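what's the 3D shape of this:
(one chain, ligands or ions: 2)
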Amino acid sequence: MRKAPHLLAPSILSADFGHLDKAIDLINESEADWFHVDVMDGRFVPNISFGFPVMEALQRRAEKPLDVHLMIEEPERYVDRFRELGAHVITVHYEACRHLHRVVQQIKSTGALAGVAINPHTSVSLLESILEEVDLILVMSVNPGFGGQKFIYQAIPKIEQLRLMCDVRNLSPLIEVDGGIGLQNAERVLQAGADVLVAGNAVLNAPDPYDAVARLKAIGKEGWHTIPA
Ligand code: DX5
Ligand code: ZN
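Residues are numbered from 1 along each chain as shown. Ligands and ions are numbered 1, 2, ... in the order given. Next up, the predicted model:
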């Protein structure tokens, strides 16, 4: 079963980087739980986001855990540095690691929580051999690389399948879902079994970001509005 209540991790990828302090303060002061930090290298994904200087700014100012999502090739080269810069969770992509088990052990040896992410086309059944080693599985619900994309609904049965895989093995890594999440689909994602929702555009580009966070956090508090399919 999913652990309630769920966590919300706004992605600072959707921040106005001319006013990064403002976005950090907003997340600090809101009901959000984590900072989601999207690092892209222009190789694993067709976009470059930011690197260590932004991480340093977050380390100085953020008052909540830093959930670092590495969309980069050879992430093992940078795991230790991200931990030194205050990462609480370090997630690497299944598709980017030649020796995934080794990278997961490396992350754990730094003291960070270890996460593994899968792209929309990657089957959750491929996680079977790593499931008991990880603290978090991140299910991508868009193709990684950009904020503000449309949610891919095939992610829902994948979350359900992953939740079942964990339950039958009596394992409880956090299940995080990332991409295109907003009020229109968050409840369905939680019903499927997610523990952590990432939201970039739906929070930081909302007319009232505090209200957007409060609404996304309130889902499920008084029961579901719809019967799970
Ligand atoms: C996509 C990133 C996501 C993204 C989320 O590559 O991993 O974290 O920024 O942003 P939205 O919620 O706008 O899809
Ligand atoms: Zn992300």
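
only C-alpha atoms for contact and neighbour calcs from this point on.
Noted.

interface residues of the chain facing ligand 1?
11, 13, 38, 144-149, 178-181, 199-202 (CA under 6 Å from any ligand atom).

helices - which of those land there?
Judged by DSSP state H, helices contain the following of the residues of the chain next to ligand 1: Asn201, Ala202.

if I look at the closest residue to Gln149 other than its chain neighbours, how far off is Gly200?
The shortest distance from Gln149 to any non-neighbouring residue, by CA to CA, 6 or more residues apart in numbering, is to Gly180 (5.4 Å). In this view, Gly180 and Gly200 are 8 Å apart by CA to CA, to the nearest Å.

where do the contact lists of the two overlap?
Here Gly180 and Gly200 have Gly147, Gly148 as joint contacts, going by CA atoms under 8 Å, 6 or more residues apart in numbering.

rewinding a little: and the residue nearest to Gln149, what are its phi and psi?
phi 70, psi 20 (degrees, to the nearest 10).

neighbours of it, how many?
Per other CA atoms under 10 Å, the neighbour tally for Gly180 reads 23.

tell me the contacts of it?
Gly180 is in contact with Ser141, Val142, Gly147, Gly148, Gln149, Lys150, Phe151, Ile152, Ala199, Asn201, counting by CA under 8 Å, 6+ apart.

and those, which of them are buried?
Listed as buried from the contacts of Gly180 are Ser141, Val142, Gly147, Gly148, Gln149, Phe151, Ala199, Asn201; burial here means 16 or more other CA atoms under 10 Å.

quick one: the helices in this protein?
Under DSSP H, the chain gives helices at 20-29, 52-61, 79-84, 100-110, 155-168, 186-192, 201-204, 209-218.

can I get those in JSON lines with mean pLDDT?
Formatted as JSON lines, the helices of the chain follow (pLDDT from 0 to 100):
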{"stretch": "helix 20-29", "mean pLDDT": "98"}
{"stretch": "helix 52-61", "mean pLDDT": "98"}
{"stretch": "helix 79-84", "mean pLDDT": "98"}
{"stretch": "helix 100-110", "mean pLDDT": "98"}
{"stretch": "helix 155-168", "mean pLDDT": "98"}
{"stretch": "helix 186-192", "mean pLDDT": "98"}
{"stretch": "helix 201-204", "mean pLDDT": "98"}
{"stretch": "helix 209-218", "mean pLDDT": "98"}
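
out of these, deepest packed?
Ranked by mean neighbour count, the helices of the chain are led by helix 201-204 with a mean of 24 (mean count of other CA atoms under 10 Å).

who are the packing partners of that helix?
Using 3 or more CA pairs under 8 Å, 6 or more residues apart in numbering; DSSP states H and E as the contact test, the elements touching helix 201-204 are helix 209-218.

please state the offset of the helix it packs on from the chain centre?
Mean-position distance between helix 209-218 and its chain equals 17 Å (CA atoms, centre = their mean, to the nearest Å).
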